[in-house]
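In: Provided below are the primary sequence and the corresponding predicted coordinates.
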Amino acid sequence: MNTSNIKELARNIREKRASKGIREAAKEIGISPATLSRVENEKVPDLDTFSRICVWMGENPSTFLGVQNQFRFSMV
């Protein structure tokens, strides 16, 4: 994940979270508030965290990985 992609991920998280507190959003995602804060501050998440965040945001992971839509993404 390159710098511009992590910035986009962080921005999208902040937009989705909007007026929710970090604790509330983290609980919805299934991660710790500290982890969510790190990702919002543009630290690269581990694969499990990244996956959970993408599902929560309803985003295809390829959006942030810089790959074409070669893969099918199912939010189940």
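Out: Thanks, I have it.
In: For the protein, which residue occupies the most central location?
Out: Nearest to the mean C-alpha position of the chain, by CA atoms, centre = their mean, lies Ile53 at 3.6 Å.
In: my guess is that residue contacts Ile13, does it?
Out: Yes - Ile53 lies in contact with Ile13 (CB atoms under 8 Å); the separation is 6.5 Å. No exception for glycine: its C-beta is placed from N, CA and C like everyone else's.
In: Now do the shared contacts for these two.
Out: Contact criterion CB atoms under 8 Å, 6 or more residues apart in numbering; residues shared by Ile53 and Ile13: Val39.
In: and Pro45, how many neighbours?
Out: The number of residues packed near Pro45 is 21, by other CB atoms under 10 Å.
In: Mind listing residues that contact the helix ranked longest in the chain?
Out: For the chain, the longest helix by residue count, based on DSSP state H, is helix 3-17. Residues outside helix 3-17 that contact it (CB under 8 Å, 6+ apart): 1, 25, 36, 39-44, 53, 56-57, 59, 63-66.
In: again, only using 10 Å
Out: Outside helix 3-17, the residues within contact range by CB atoms under 10 Å, 6 or more residues apart in numbering are 1-2, 22, 24-26, 28-29, 36, 38-45, 50, 53-54, 56-59, 61, 63-66.
In: that older thread, shouldn't the residue nearest to the centre of the chain be in contact with Arg38?
Out: No - counting by CB atoms under 10 Å, Ile53 sits too far from Arg38 to count as a contact (11.5 Å).
In: intersection of neighbour lists for these two?
Out: Common neighbours of Ile53 and Arg38 are listed as Ile31, Pro45 (criterion: CB under 10 Å, 6+ apart).
In: just to revisit the earlier point, grab the nearest non-local neighbour of the residue nearest to the centre of the chain.
Out: Ile29 (6.0 Å; CB to CB, 6 or more residues apart in numbering).
In: sorry, back to before: please name every helix or strand in contact with the very next helix or strand once past the longest helix of the chain.
Out: The helix or strand immediately downstream of helix 3-17 is helix 22-29, counting by DSSP states H and E. Secondary-structure packing of helix 22-29 (3 or more CB pairs under 10 Å, 6 or more residues apart in numbering; DSSP states H and E): helix 3-17, helix 33-40, helix 47-57.
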